[in-house]
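[1] Okay, sequence plus prediction incoming.
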Amino acid sequence: MSDDEVFVFHINYTGGEKAVSKEYPVFRTVNLDSDFLLALLNHSPRFKAFCRSQKAGGTRKRLYFSRLRTWKTHLPSLAEQQRIAAVLNTQQLEIDLLKRKCDTLKAQKKGLMQRLLTGMTRATV
């Protein structure tokens, strides 16, 4: 379901069974790399176009599992999927690290600005 016509897929990395609403289908991959499929479903322009053409509902858009099952695409071999997923996962880790660094620098800037504005620190020109 989506409020903005963007459907986002997730993987349960925690293991075990979880309670999930029947409104959100849960499925397993067989002979397919889950991380590769996740990237494909969340970032492929062709899949996004497919979703837009298949959506149903009023305010909250739905992509029914029966319609999702009709989507066809060409997939590389499992070994290639795993290599692609490994590269994408490494890139995501780097992005997350850079975001944390950026957040840290923003917090430092905020603190410095506060010290400058209160006169606790003087700037020299």
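    Yep, it's here.
[2] For this structure, just list every one of the helices.
    Ranges of helices within the chain are 34-43, 45-54, 65-68, 78-118, based on DSSP state H.
[3] Which of the ones you listed has the highest mean neighbour count?
    With neighbours taken as mean count of other CB atoms under 10 Å, the helices of the chain reach their highest mean count in helix 34-43, at a mean of 17. Where you see a C-beta, it was placed from the backbone N, CA and C, and this is true even at glycine.
[4] Make JSON lines from the helices of the chain and add distance to Val8 to it.
    What follows is those, written out as JSON lines (distance: least, CB to CB, whole Å):
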{"stretch": "helix 34-43", "distance to Val8": "6"}
{"stretch": "helix 45-54", "distance to Val8": "11"}
{"stretch": "helix 65-68", "distance to Val8": "13"}
{"stretch": "helix 78-118", "distance to Val8": "15"}
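[5] With respect to Ser21, which of these lies nearest?
    Relative to Ser21, the nearest member of the helices of the chain by CB to CB is helix 65-68, separated by 12.9 Å.
[6] tell me the mean pLDDT over that closest one?
    For helix 65-68, mean pLDDT is 84.
[7] now stretch 49-57
    The average pLDDT within stretch 49-57 is 77.
[8] Show the pLDDT at Val30.
    At Val30, the predicted lDDT confidence score is 88.
[9] what does His74 give?
    91.
[10] ok, now which ones touch it?
    Residues in contact with His74, defined by CB atoms under 8 Å, 6 or more residues apart in numbering, are absent; none qualify.
[11] for it, phi and psi?
    Backbone geometry at His74, expressed as degrees, to the nearest 10, gives phi -90, psi 140.
[12] Out of the helices of the chain, which gets nearest to Ala19?
    With CB to CB, the closest approach to Ala19 among the helices of the chain belongs to helix 65-68: 17.8 Å.
[13] can you dump the C-alpha coordinates of that closest one into CSV?
    Listed next in CSV are the C-alpha coordinates belonging to helix 65-68 (Å, rounded to 0.1, in the frame of the first residue of the first chain):
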residue,chain,number,x,y,z
PHE,A,65,0.2,-9.7,-4.9
SER,A,66,-1.7,-11.3,-7.7
ARG,A,67,-0.7,-8.4,-10.0
LEU,A,68,2.8,-8.3,-8.6
